[in-house]
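**Student:** Generate coordinates for the sequence data below:
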Amino acid sequence: MTESSANTGASPISTEAMLQRFLLISRAVAGQLDFQSLIQKVSEEVGFFLPHDHIDVCILTGDQDMHVAYEARLHTGWGDAPDPVPVSVSPIRSILRGEEAFILTADAQCDERFHFVGAFSDPIFDARLRSRLHVPLQVEGKVIGALSYSCHARSVYEDSHVTIAQYVADLLSSYIHALHQGERARNAAIRQAEIHAHAEGLRAGALRLTEALEQERQRIGMDLHDQTLADLTRLNHSLRRLRNRPMIPGDALNQLTDDLEVSLQELRSIIEDARPSVLQLFGFDQGIEALLERAVASQPRAIDIHYSDTTGGAGNDLQETLQIALFRITQEAVNNAIKHADASRIDVSLSLKDDSLCLSVSDDGRGLPEEDADHLGGIENMRTRATLISAEFCIAPCSKMPGTCVRVILPETATRSGIAALDEQTEDQDARIDS
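**Tutor:** Modelled structure (predicted):
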């Protein structure tokens, strides 16, 4: 026999017994640190004078226009809702808005107050709850939620139950309010800690990226000094020697022209590595294709490369800052696949996923060893570049073939703060180098 059926027709409870039960309720909930434990304790104690098959406490959240519910005994879709539910669809919205002092119904299945367009009443009906009693939770005259009792049987609750239910609600209101404020404070602290950790991670990543860019500038400087400058010096000496000769042989001029063309080509390559002008000249798609072709052209082994774009050219419409960031991430991922993974096939794709732009670089290589510092540094650089443009970054084993997949998901409306952060970071790096 359930507690609700056992107490439905019980004799009146003495004032002393009622007071003792209220003290037990107060002691039981005083040490609870979460709503679920609190409502469970209330259910255990309150059944002595308020029969129920289901009990829940509803708490207003946000700007008082949303609410969440915690249940005991029978669990319904009301308490299982993953997100707060608008008050406007609540079957007890009149209580939550302070429009009614209580709601008492003999059969919610037939009560028109529980039937309106958009009403979130299905959990009540699915659980076959008929008798229902709802009273407000109030702190300093302001409604903060509601306490509800339900039974499967019809006509369980009477006017006397309303008074008792309100006493219990008044007893619990201060505990519930304090618990709710504590939970909000904890959540705010967690969010603040996450924001701080994200900011620290972004600063650390930006520092690593700055160091990597500085190393790249140094490499470019050495290339210019050791390669291009040396070639130009050699060409200058050759021209000086030829200047003093009365007749200049044709083969000497031909050799000089060939050497000059090689030097110019090397200089173009260095400049292109420093800033992908191909993006400005031909757009994102052709820039990626040119990147892939250059990456595999100098390799002694054959590497199949494939690029697909199912977005209709969305990459070409991105702002230059975003294009460069995605280009550099692709460049790093492709270089890693060739240098570390010995890949024989590299697939680069641009697609739309849930209104977001998705860039993926997949290879069939063996993956990269965890102890490879250069590899890990490259991954962190890619992650930082993605973070600076407010994109999601992930690297994981491929699902359809051996190897690794790097994926960057850029929201359709990229945040201006992400773009500004990247611009500001670039300007700051340039200023440091120039100084």
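**Student:** mind listing the strands for the stretch 301-435 of the chain?
**Tutor:** Listed in chain order, the strands of the stretch 301-435 of the chain (DSSP state E, counting those that start in this stretch) span 304-309, 345-353, 356-363, 392-397, 404-410.
**Student:** and the helix or strand where Glu183 lies, what's its mean pLDDT?
**Tutor:** In the assignment (DSSP states H and E), Glu183 maps to helix 159-223. Averaging pLDDT along helix 159-223 yields 75.
**Student:** same check, this time on stretch 141-152
**Tutor:** Mean pLDDT, stretch 141-152: 92.
**Student:** Would you mark the buried spots in it?
**Tutor:** 143-152 (16 or more other C-beta atoms under 10 Å). To be clear about C-beta, it is placed using only N, CA and C from the backbone, and glycine gets the same treatment.
**Student:** now, which of those residues lie within strands?
**Tutor:** Members of the buried residues of stretch 141-152 lying in strands (criterion: DSSP state E): 143-151.
**Student:** returning to what we had before: dump the buried residues of stretch 141-152 into a markdown table; add distance to Val334 as well.
**Tutor:** Shown next, in a markdown table, are the buried residues of stretch 141-152 (distance: C-beta to C-beta, whole Å):
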| residue | distance to Val334 |
| --- | --- |
| Val143 | 60 |
| Ile144 | 57 |
| Gly145 | 56 |
| Ala146 | 59 |
| Leu147 | 61 |
| Ser148 | 60 |
| Tyr149 | 64 |
| Ser150 | 62 |
| Cys151 | 66 |
| His152 | 65 |
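**Student:** For Pro300, state which of these is nearest.
**Tutor:** Lowest distance from Pro300 to these (C-beta to C-beta) belongs to Gly145, with 71.3 Å.
**Student:** The closest one reaches Val139, doesn't it?
**Tutor:** No. Gly145 is beyond contact range of Val139, at 9.6 Å (criterion: C-beta atoms under 8 Å).
**Student:** now stretch 298-317: how far from the chain's centre is it?
**Tutor:** Computed by C-alpha atoms, centre = their mean, to the nearest Å, the chain-centroid distance of stretch 298-317 equals 28 Å.
**Student:** What's the separation between Gln166 and Ala386?
**Tutor:** Going from Gln166 to Ala386 by C-beta to C-beta, to the nearest Å gives 55 Å.
**Student:** Among the buried residues of stretch 141-152, which one sits closest to Ile39?
**Tutor:** Nearest member of the buried residues of stretch 141-152 to Ile39, counting by C-beta to C-beta, is Leu147, at 9.0 Å.
**Student:** which residues does the closest one bridge with?
**Tutor:** Note on Leu147: beta-bridge partners Val57, Val135, judged by DSSP bridges.
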